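[1] The sequence and its predicted three-dimensional model are supplied below.
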Amino acid sequence: MKKYILLPLLGLSLITCKKGEEEPRIPETVTAAFDQDVDLRYRQQALVPTANQPELTVQLTDLSYSFCPKNVRCFIADFVWPTVKITDAQGQVQELRQLGKVVHTYNPAWTDTASVRANGRRYVVQYTRYNLDEYSREEPQKEDITVTIRITKPN
């Protein structure tokens, strides 16, 4: 009799038991200054401050990337093309999609710039380089990549 009760209970426990999905961790917001490099990870944002509130909020919203596996010769060089969302003090949002896509080089220390208009003035967003966590070289995920961006406020 015990066998007949135990078997359905075991089956029921297997059905109700499922692996919990972890939500991706959002990195901590950082503070940046104009004309200085800021490193951003996937979904991380930087506040470019003024005296009382952020003048701009810059968030790394997406990454397109490809890395050649170790000890393999690839036809296409490694690349990282970030998508950056810029929000001004009034809440207007602009998105710069796939910065660096027009630049073709074999050096990750290259520069791509884009101009945005926010807060009634012009800003220059400069994507200078990317870094990949070495331990994740074989199968990198978006969370393993850091991009360096610089915001300039021309006169």
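    Yes, it's here.

[2] Quick check: the spatially closest residue to Asp78 that is not a sequence neighbour vs Arg43, distance?
    Residue nearest to Asp78 in three dimensions, not counting chain neighbours: Phe67, with 4.8 Å by Cβ to Cβ, 6 or more residues apart in numbering. The C-beta positions use only the backbone N, C-alpha and C, and glycine is treated the same way. Using Cβ to Cβ, to the nearest Å, Phe67 is found at 20 Å from Arg43.

[3] Can you give me the distance of the residue nearest the centre of the chain to Leu60?
    With distances taken as Cα atoms, centre = their mean, Tyr42 lies nearest the centre of the chain, 2.2 Å away. Distance, Tyr42 to Leu60, by Cβ to Cβ: 6 Å.

[4] ok, the residue nearest to Asp78 - how many residues close by?
    Per other Cβ atoms under 10 Å, the neighbour tally for Phe67 reads 18.

[5] hmm, back to that, for the closest residue to the residue nearest to the centre of the chain other than its chain neighbours, what are its contacts?
    What sits nearest to Tyr42 in space, not counting adjacent residues and going by Cβ to Cβ, 6+ apart, is Lys142, at 4.1 Å. Counting by Cβ atoms under 8 Å, 6 or more residues apart in numbering, Lys142 makes contact with Tyr42, Asp62, Leu63, Tyr65.

[6] Model confidence for Lys142, exactly?
    pLDDT for Lys142: 91.

[7] Show me the strands in the protein, by range?
    Remark: strands assigned in the chain by DSSP state E are 30-31, 37-41, 45-49, 54-66, 79-88, 93-96, 112-118, 121-132, 145-152.

[8] from what I can see Gln36 touches Arg150, true?
    Yes: contact status for Gln36 versus Arg150: in contact at 6.7 Å, counting by Cβ atoms under 8 Å.

[9] Compare the two (neighbour count), which wins?
    Arg150 (18 against 10).

[10] Please name the bridge partners of that one.
    Asp37, Gln126 (DSSP bridges).

[11] Roughly how far does Ala114 sit from Gln98?
    Distance from Ala114 to Gln98, by Cβ to Cβ: 10 Å.

[12] now do Asp78
    15 Å.

[13] Please say which of these two ends up with more neighbours.
    Neighbours were counted for Asp78 and for Gln98 using other Cβ under 10 Å; Gln98 has more, 17 against 14.

[14] so the more buried one makes contact with Phe79?
    No: in this structure, Gln98 is not within contact of Phe79 by Cβ under 8 Å, at 9.8 Å.
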